[in-house]
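**Student:** could you work out the structure for the sequence below:
(one chain, ligands or ions: 1)
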Amino acid sequence: MWVKVLCGKYAPGGFDLYKHKVDGSSVWRAVLQAKTMLLEGFSLKVGSGDVSFFFDRWMSNEPLCRKVPDGITWQGDVSGVYSAKSGYGWLINRENADLQDDSSWLWIWKLKLPFKLNYFLWLVCHSALPTNALRVQRRCTNSDICGRCGVVSECIFHCLRDCCKVRAVWKVVGMDSIPWFWNEHNLVQWLKNGVDNFGITFITVLWWIWRARCAECIANENIEMMEILRLARLMQEDIHRVFGVSIVTPKEVRWVS
Ligand SMILES: [Zn+2]
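**Tutor:** A predicted model of the protein is given here:
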């Protein structure tokens, strides 16, 4: 019934999903919006859909399926045939998946920090920090070896936690007595634990460790361990002042003034 009503009102000459009506009503705009999303659920299929694209023998000597007419198949149902019910279900699932993906990083964007720090954490979580290991993968350099110790591949964990130069910093911060800090191998979990337990202390030290690494490896400038800690401390005080975030320190912290 609703199909007849919509078709009568909006498409008396036939229903064309590709046709846009700029000044349409809210109902029409909703239909168009759903159309855009639903179109993603369709894909091309070859022939009747029960043949092998690569291995079945096609007509005469034609390669592949040049003579077989292509059709459109619906991904939202095993039959490949679209129905209103499967379309609705597909839209709901898609929306849930999108929400889940976005909300999984909300904890980073909700942190009250200068934006560059939120973004830095996001990069780390996505294994997108340009360490030498990543730069080799992207063909920006020939060697993945750590530029500071010169011993092993510079993955993110090595860069931010495990390099001998970095371990010394974390030990002064008070992390040497915290087993999970050294044993965690999941980057996101490690970051989450660090943020949950030590807040901006963890984040700012992490940031300055990265900054010092870049200064040393790119500009050949050496930022001493005590200077890293001093800069991190200054940053914490700024964040505390501007965002009202309290400063948490590890139990056995031995901060330098
Ligand atoms: Zn190293």
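**Student:** ok, now which ones touch the closest residue to Leu187 other than its chain neighbours?
**Tutor:** Leaving aside its chain neighbours, Leu187 sits nearest to Ile156 (6.1 Å; criterion: C-beta to C-beta, 6 or more residues apart in numbering). Bear in mind the C-beta positions are built from the backbone N, C-alpha and C, glycine included. Residues in contact with Ile156 (C-beta atoms under 8 Å, 6 or more residues apart in numbering) are 124, 127, 129, 131, 133, 187.
**Student:** which of those ranks first by neighbour count?
**Tutor:** Thr131 (24 neighbours; other C-beta atoms under 10 Å).
**Student:** can you pull the pLDDT of that residue?
**Tutor:** pLDDT recorded at Thr131 is 96.
**Student:** for the ion, see how far away it is.
**Tutor:** Applying C-beta to the ion, to the nearest Å, the value for Thr131 to the ion is 10 Å.
**Student:** likewise Trp105?
**Tutor:** Trp105 is 28 Å from the ion, by C-beta to the ion.
**Student:** check which helix or strand covers the residue lying closest to that residue once chain neighbours are set aside.
**Tutor:** Once flanking residues are discounted, Trp105 sits nearest to Trp122: 6.5 Å by C-beta to C-beta, 6+ apart. Take DSSP states H and E as the rule and Trp122 turns out to sit in helix 115-125.
**Student:** average pLDDT for that helix?
**Tutor:** Mean predicted confidence for helix 115-125 is 95.
**Student:** helix or strand right after it?
**Tutor:** Sequence-wise, the next helix or strand downstream of helix 115-125 (DSSP H and E) is helix 132-137.
**Student:** what's in contact with that next one?
**Tutor:** Residues contacting helix 132-137 (C-beta under 8 Å, 6+ apart): 127-128, 141-147, 153-156, 158, 217.
**Student:** for the ion, tell me which of the residues you listed show up nearby.
**Tutor:** On the criterion C-beta under 5 Å from the ion, Cys146 are the entries of these that sit beside the ion.
**Student:** let's see if you can find the most crowded of the contacts of helix 132-137.
**Tutor:** Busiest of the contacts of helix 132-137 [other C-beta under 10 Å] is Glu154, holding 27 neighbours.
**Student:** which bits of the stretch 1-150 of the chain sit near the ion?
**Tutor:** So the stretch 1-150 of the chain meets the ion at 146, 148-149 (C-beta under 5 Å from the ion).
**Student:** make it 8 Å
**Tutor:** Residues of the stretch 1-150 of the chain that fall close to the ion, judged by C-beta under 8 Å from the ion: 146-150.
**Student:** rebuild the residues you listed as a markdown table, extending it with secondary structure, distance to Ala168 and pLDDT.
**Tutor:** Formatted as a markdown table, these follow (DSSP: H, G, I helix; E, B strand; the rest coil; distance: C-beta to C-beta, whole Å; pLDDT from 0 to 100):
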| residue | secondary structure | distance to Ala168 | pLDDT |
| --- | --- | --- | --- |
| Cys146 | coil | 14 | 96 |
| Gly147 | coil | 17 | 93 |
| Arg148 | coil | 11 | 93 |
| Cys149 | coil | 11 | 94 |
| Gly150 | coil | 16 | 94 |
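**Student:** mind putting those residues into a markdown table with distance to Leu106?
**Tutor:** Output for those, formatted as a markdown table (distance: C-beta to C-beta, whole Å):
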| residue | distance to Leu106 |
| --- | --- |
| Cys146 | 33 |
| Gly147 | 34 |
| Arg148 | 34 |
| Cys149 | 36 |
| Gly150 | 39 |
